[in-house]
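Asker: Here you go, sequence then predicted model.
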Amino acid sequence: MRIRYDREEDILMLELDPQGQIDHAEHIDSVIVHVTASGRPVLLEILDATEFLTRVVRAAMTSKEPA
């Protein structure tokens, strides 16, 4: 997996399969999932990454379940 961050656009990119051929993308809330023709995720783009990660950290810190 390769992780990149575009500071200017505030986008976090998680490349899950560098060899995968992107067929199309699906936009779900603040995440764009790029998938192969068979539906396998290849790349995740997290838009407004700073806000997204802040919410994730807050949720993790307030969770009563053990990690």
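Answerer: Sure, I can see it. Numbering: from 1, shown residues only.
Asker: so where do the helices sit in this structure?
Answerer: For the chain, helices defined by DSSP state H occupy the ranges 49-62.
Asker: Show me the strands in it, by range?
Answerer: Assigned strands in the chain, in chain order: 2-6, 11-15, 24-28, 31-35, 41-46 (criterion: DSSP state E).
Asker: so where's the protein uncertain?
Answerer: 65-67 (pLDDT under 70).
Asker: Contacts only, for the residue nearest to residue 16 when sequence neighbours are not counted.
Answerer: The shortest distance from residue 16 to any non-neighbouring residue, by C-beta to C-beta, 6 or more residues apart in numbering, is to residue 41 (5.5 Å). Heads up, the C-betas are built off the backbone N, CA and C, glycines and all. By C-beta atoms under 8 Å, 6 or more residues apart in numbering, residue 41 lies in contact with 16-17, 33-35.
Asker: can we see that at 6 Å?
Answerer: Under the criterion of C-beta atoms under 6 Å, 6 or more residues apart in numbering, the neighbours of residue 41 are 16, 33, 35.
Asker: Please report the distance of it from residue 50.
Answerer: 23 Å (C-beta to C-beta, to the nearest Å).
Asker: Ok, residue 27 next?
Answerer: Residue 27 is 19 Å from residue 50, by C-beta to C-beta.
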